[in-house]
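In: I would like to see how this sequence folds:
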Amino acid sequence: MKKSQKFQVKKSRYFRYPYIPEEEIQSRTRELDVERENLTQNEQLVTELENQKQGLETEKQQLARIWQQLDDQRVDYLNELYNVKLKLTAVEDSLKNIQLKISNCEDQHRLQNAQLEYLRGTCQELENDLAKKNDECESLHQRKEESAKELQQAEQLLTQLKQQERELANMNGISPKNNTEKSTLDSLTTRLRDTIGERRKLETEVKNTQSKIQDVQAKITAINGEFERHKQDLVINKAQKHVLLTNIQTIETNSIRHQRTMTKHQEAMNANRTTLIRKTNELQQKQNTVVLVKRKIQSLKQSIGEKENIEKAKLRVIANEENLLEASRENVQELTEEIAAKRDILESKNQQYVSNNAELSRITDNIHDLQEEKNTCEQEK
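Out: Coordinates of the predicted model:
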């Protein structure tokens, strides 16, 4: 009975060693669960970052399209401004030409008015001379008629005297008088003819002068019409210039506002680019983290598997030893020594396991550090 009790006590002491690896396995299992949770979280973050990156890339494309539209609108504003300025230059040139034409019309108007006043004065003088000639003709005509009457009376008297033939002396006295009246009548006739010629010449000059006056008046009327047309053209061109200047101001204002819009849009594009780069880097880091976590999980699984295999091997060894103890109770001391030796081997293996585990952790940390260094180098590139 005492021998059985002693054996049972030794058996209980022997079963203390397997509990240490079991705690390690549980610790590793808990660590594995933590890493799996960490992996799940990082994979979710990777998915979120990929979605954000895709959204930013879509936004980048949309911003690029809008930028192209804004740039096209900017070019349209520049072309429109250029065309309007060309029109303004043409209108200003037209204004200069019109003002020059108006100045020429004013000069022509003054010149023609001066010529008109001169012709009117000349015509008035000719009309005055013509009136005098008319008066002179009228006077000569009256004198001619009077002279003709006197000549007729003298001829009648001469006829009477010839018929009577009374006094020769009286006939001789009448004949010279008749000759005088004839000479006077001839002289008056000649003067009247000359005066009538001069009057006709004056009438011709008056008509010519009046015709010139009409021509000058027609020219003045034409100049006035041309002047009015030029004034209307001047008003129209000034209105066009005002409209074009207003259009230029409007286009320049719209262009400035459009440039502000483009500046804001450029800021949005820069912000999108910065955010996209940052999210891409974050995604790369999280993807690297996922890879490292997966490697660590794989390492933990392998470590746990190895420990479980070791534990199973230990259990098999213990079972075999128990069978041997059960079969060789009479050689308890030998079995005890053998068990002690096995315990030493087990302890050595445990120590080796701890050393291997530390080495594995060190290698894992080195891998992690090297991966971060690699990511840093890629980002610097």
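
In: show me the helices in this protein, by range?
Out: With DSSP state H, the ranges of helices along the chain come out as 2-14, 19-164, 168-327, 332-380.

In: got any ranges where the stretch 51-200 of the chain has weak pLDDT?
Out: Scanning the stretch 51-200 of the chain for pLDDT under 70 picks out 141, 143-144, 146-148, 150-182, 184-185, 188, 192.

In: contacting residues for L56?
Out: By Cβ atoms under 8 Å, 6 or more residues apart in numbering, the residues touching L56 are 272, 275-276, 279. All C-beta spots, glycine's among them, are computed from the backbone N, C-alpha and C.

In: and Q287, by the same measure?
Out: Listed by Cβ under 8 Å, 6+ apart, the contact set of Q287 reads V46.

In: pLDDT at the residue lying closest to Q99 once chain neighbours are set aside, what is it?
Out: Leaving aside its chain neighbours, Q99 sits nearest to L234 (6.9 Å; criterion: Cβ to Cβ, 6 or more residues apart in numbering). L234 carries a pLDDT value of 91.

In: and what of the one 4 residues further on?
Out: Predicted confidence (pLDDT) at K238: the value is 92.

In: next, count neighbours for the nearest residue to it once chain neighbours are set aside.
Out: Distances taken as Cβ to Cβ, 6+ apart place L95 nearest to K238, at 7.0 Å, with adjacent residues excluded. Using other Cβ atoms under 10 Å, L95 has 16 neighbouring residues.

In: same question for the one 10 residues further on.
Out: Here the count is done by other Cβ under 10 Å, and C105 has 20 residues near it.

In: check contacts around K60.
Out: Taking Cβ under 8 Å, 6+ apart, one finds 269, 272-273, 276 in contact with K60.

In: quick check, central residue of the chain?
Out: Against the mean C-alpha coordinate of the chain, by Cα atoms, centre = their mean, the closest residue is R74 at 2.4 Å.

In: a markdown table for the contacts of L56, including neighbour count?
Out: Shown next, in a markdown table, are the contacts of L56 (neighbours: other Cβ atoms under 10 Å):
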| residue | neighbour count |
| --- | --- |
| N272 | 17 |
| T275 | 15 |
| L276 | 17 |
| K279 | 20 |
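
In: the residue nearest to K238 contacts L234, doesn't it?
Out: Yes - contact criterion Cβ atoms under 8 Å: L95 and L234 qualify, at 6.9 Å.

In: residue contacts, C105?
Out: By Cβ under 8 Å, 6+ apart, the residues touching C105 are 223, 226-227, 230.

In: returning to that earlier point: closest one of the contacts of K60 to M262?
Out: Set against M262, the nearest of these by Cβ to Cβ is M269 (10.0 Å).

In: neighbours of the closest residue to E378 other than its chain neighbours, just the number please.
Out: Nearest non-adjacent residue to E378, counting by Cβ to Cβ, 6+ apart: Q284, 7.6 Å away. Each residue near Q284 was counted by other Cβ under 10 Å, and the total is 15.

In: quick one: Q284 and E373, what's the gap?
Out: Computed with Cβ to Cβ, to the nearest Å, the distance linking Q284 and E373 is 14 Å.

In: give the buried residues for stretch 349-368.
Out: Across stretch 349-368, burial judged by 16 or more other Cβ atoms under 10 Å covers 350, 353, 368.

In: would you check that the residue nearest to Q99 makes contact with I102?
Out: Yes - with contacts counted by Cβ under 8 Å, L234 reaches I102, the gap being 6.7 Å.

In: separation between S187 and S139?
Out: Counting by Cβ to Cβ - S187 and S139 are separated by 14 Å.

In: any weak-confidence spans in the stretch 251-381 of the chain?
Out: 325-335, 381.

In: make it 80
Out: Scanning the stretch 251-381 of the chain for pLDDT under 80 picks out 307-308, 310-311, 313-315, 318, 321-339, 353, 356, 373, 376-381.

In: surely S255 meets E80?
Out: No - using Cβ under 8 Å, S255 makes no contact with E80, being 9.0 Å away.

In: follow-up on the earlier one: what sits against the residue nearest to the centre of the chain?
Out: Residues near R74 by Cβ under 8 Å, 6+ apart: 255, 258-259, 262.

In: among the residues you listed, which ones are buried?
Out: Those of the contacts of R74 that meet the buried threshold are 255, 258, 262, by 16+ other Cβ under 10 Å.

In: which residues touch the first one?
Out: S255 is in contact with 74, 77-78, 81, counting by Cβ under 8 Å, 6+ apart.

In: quick check, nearest of those residues to Q112?
Out: Ranked by distance to Q112 (Cβ to Cβ), those are led by L81 at 45.4 Å.

In: mind listing what's buried along stretch 285-292?
Out: The neighbour-count check on stretch 285-292 (16+ other Cβ under 10 Å) flags 285-290, 292 as buried.

In: centre of the chain to that stretch, how far?
Out: 47 Å (Cα atoms, centre = their mean, to the nearest Å).

In: next one: stretch 193-204
Out: Its chain's average C-alpha position is 82 Å from that of stretch 193-204, according to Cα atoms, centre = their mean.

In: and what of stretch 290-310?
Out: 64 Å.

In: export it to PDB, keeping only CA atoms.
Out: These are the backbone C-alpha positions of stretch 290-310, laid out as PDB (Å, rounded to 0.1, in the frame of the first residue of the first chain):
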ATOM      1  CA  VAL A 290      -1.700  43.300 -43.600                       C
ATOM      2  CA  VAL A 291       1.200  41.300 -45.200                       C
ATOM      3  CA  LEU A 292       3.200  41.500 -42.000                       C
ATOM      4  CA  VAL A 293       0.200  40.600 -39.900                       C
ATOM      5  CA  LYS A 294      -0.500  37.600 -42.200                       C
ATOM      6  CA  ARG A 295       3.100  36.600 -41.900                       C
ATOM      7  CA  LYS A 296       2.900  36.900 -38.100                       C
ATOM      8  CA  ILE A 297      -0.300  34.900 -38.000                       C
ATOM      9  CA  GLN A 298       1.300  32.300 -40.200                       C
ATOM     10  CA  SER A 299       4.300  32.300 -37.900                       C
ATOM     11  CA  LEU A 300       2.000  32.000 -34.800                       C
ATOM     12  CA  LYS A 301       0.100  29.200 -36.400                       C
ATOM     13  CA  GLN A 302       3.300  27.400 -37.200                       C
ATOM     14  CA  SER A 303       4.600  28.000 -33.700                       C
ATOM     15  CA  ILE A 304       1.400  26.800 -32.100                       C
ATOM     16  CA  GLY A 305       1.400  23.800 -34.400                       C
ATOM     17  CA  GLU A 306       5.000  23.000 -33.500                       C
ATOM     18  CA  LYS A 307       4.300  23.400 -29.800                       C
ATOM     19  CA  GLU A 308       1.200  21.300 -30.000                       C
ATOM     20  CA  ASN A 309       3.200  18.600 -31.800                       C
ATOM     21  CA  ILE A 310       5.900  18.900 -29.100                       C
END
